[in-house]
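>>> predicted model follows, preceded by the sequence.
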Amino acid sequence: MKELFKIKNLNMQYPIIDGLMGNVKGYVYALNNINLNIYENEILGLVGESGSGKSTLGNCILKLINPVSGEVIFKNEDILKKSKKELKNFRKSAQLIFQNPYMSLNPRMKIYDILKEPFIVNVIKNKKEINEKIIKIVNLIGMKEEILNRYPHEFSGGQRQRIAIARAIILKPEFIVADEPVSALDVSIQAQIVNLLLELKNHLNLTMLFISHDLSIIKYISDRIAVMYLGEIVEIAEKEELFKNHKHPYTEALLNAVPVISENRKNKKIILEGDLPSPQNPPKGCKFHTRCPYVMEKCKTEYPSFFDINDNHKVRCFLSEK
């Protein structure tokens, strides 16, 4: 598989400002030494609890926020070193689908103007070409041309998200970050949007980072899955491997949290107790040790490296140490 993105040693900290003098009294450690490859024409699922750093990672990959250190290599170029002008070309190749379709569309603009805006930003002035592309993309998302003269408030949440998706793909990007794109929608509509994303991925040869806390959706749409906890990737594998042969206790706890109607379900479960530790003062050693039922003494003081389960399966846990 050919790499589209290679993320190396990515770190992100948010300063905590104290008082009117603007003194920094500490940091929120959002991302800690992230190393990740994203391959062409795959959907990489990113799952974890709220506050684990999923959206921060997606924003750093697109350079919507500037990480403290690390590299984001896109087609052999580090986008974190690109100038504002160079980033403009990168934005044509990489786009974001926001979580909330009620907030991501300008309520004062008609749908035609919302879809036209990417062309204006990129100084594409051929009116006939713009109109043809807008009509084509509207049909591609399963809507009719008559929507173009209406405002966002006239649509349901699912319809708005389709329009937001159309805006994201209208310049034919290679890469999409889908940041919990269905979490604000009804369950029946979620399925429609997920299926639409799969169709678009195949039709446009898209590569996608799909962020969610819902493992059932992640399993349905993803090729590989990365599990994130407190700013770190703790396990990554192909989806079938992860569901059948998961190795990290946190992954096991997430899977146990998925409701299953079955008389044959095992009684033994990992139930996570307590909230996610503060990213301002993360635990020493393994960050999961404060909630792990299998914790050992070394987990409290030593930081686990990635252990290879096989070529496509890695886990950050001493239980898998050979």
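Thanks, I have it. Residues are numbered from 1 along each chain as shown.

>>> in the helix or strand Leu197 falls within, what's buried?
Per DSSP states H and E: Leu197 is located in helix 187-204. Neighbour counts over helix 187-204 (16 or more other Cβ atoms under 10 Å) mark Ile189, Gln190, Gln192, Ile193, Val194, Leu196, Leu197, Leu200, Lys201 as buried. C-beta: built from backbone N, CA, C; applies to glycine.

>>> return that helix as PDB; C-alpha atoms alone will do.
C-alpha atoms of helix 187-204 as PDB (Å, rounded to 0.1, in the frame of the first residue of the first chain):
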ATOM      1  CA  VAL A 187     -29.800   6.800  13.800                       C
ATOM      2  CA  SER A 188     -31.700   6.100  10.600                       C
ATOM      3  CA  ILE A 189     -30.100   9.100   9.000                       C
ATOM      4  CA  GLN A 190     -26.700   8.100  10.200                       C
ATOM      5  CA  ALA A 191     -26.800   4.900   8.100                       C
ATOM      6  CA  GLN A 192     -27.700   7.000   5.000                       C
ATOM      7  CA  ILE A 193     -24.700   9.400   5.500                       C
ATOM      8  CA  VAL A 194     -22.300   6.600   6.200                       C
ATOM      9  CA  ASN A 195     -23.300   4.700   3.100                       C
ATOM     10  CA  LEU A 196     -23.000   8.000   1.100                       C
ATOM     11  CA  LEU A 197     -19.500   8.400   2.300                       C
ATOM     12  CA  LEU A 198     -18.600   4.900   1.300                       C
ATOM     13  CA  GLU A 199     -20.100   5.500  -2.200                       C
ATOM     14  CA  LEU A 200     -18.100   8.800  -2.600                       C
ATOM     15  CA  LYS A 201     -14.900   7.100  -1.400                       C
ATOM     16  CA  ASN A 202     -15.200   4.500  -4.100                       C
ATOM     17  CA  HIS A 203     -16.500   6.900  -6.800                       C
ATOM     18  CA  LEU A 204     -13.800   9.600  -6.100                       C
END
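
>>> with just CA atoms, put the lowest-mean-pLDDT helix or strand in the chain into PDB.
One helix or strand of the chain scores below all others by mean pLDDT, DSSP states H and E: helix 84-93, with a mean of 88. Extracted C-alpha coordinates of helix 84-93, given in PDB (Å, rounded to 0.1, in the frame of the first residue of the first chain):
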ATOM      1  CA  LYS A  84       0.200  30.300   3.800                       C
ATOM      2  CA  LYS A  85       0.300  30.500   0.000                       C
ATOM      3  CA  GLU A  86       1.500  26.900  -0.300                       C
ATOM      4  CA  LEU A  87      -1.100  25.700   2.100                       C
ATOM      5  CA  LYS A  88      -3.800  27.100  -0.300                       C
ATOM      6  CA  ASN A  89      -2.900  24.400  -2.800                       C
ATOM      7  CA  PHE A  90      -2.800  21.800  -0.100                       C
ATOM      8  CA  ARG A  91      -6.400  22.700   0.900                       C
ATOM      9  CA  LYS A  92      -7.600  21.600  -2.500                       C
ATOM     10  CA  SER A  93      -6.300  18.100  -1.800                       C
END
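
>>> identify the residues contacting it?
Helix 84-93 is contacted by residues Lys63, Phe74, Ile79, Lys82, Val121, Asn122, Leu171, Pro173, Glu174, Phe175 when judged by Cβ atoms under 8 Å, 6 or more residues apart in numbering.

>>> ok, and the most crowded of the residues you listed?
The most crowded member of the contacts of helix 84-93, judged by other Cβ atoms under 10 Å, is Phe74 (23 neighbours).

>>> list the contacts for that one?
Counting by Cβ under 8 Å, 6+ apart, Phe74 has contacts Leu4, Phe5, Phe90, Ser93, Ala94, Phe175.

>>> could you export these to JSON lines, including columns for distance to Lys128?
Output for the contacts of Phe74, formatted as JSON lines (distance: Cβ to Cβ, whole Å):
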{"residue": "Leu4", "distance to Lys128": "32"}
{"residue": "Phe5", "distance to Lys128": "35"}
{"residue": "Phe90", "distance to Lys128": "27"}
{"residue": "Ser93", "distance to Lys128": "24"}
{"residue": "Ala94", "distance to Lys128": "27"}
{"residue": "Phe175", "distance to Lys128": "28"}
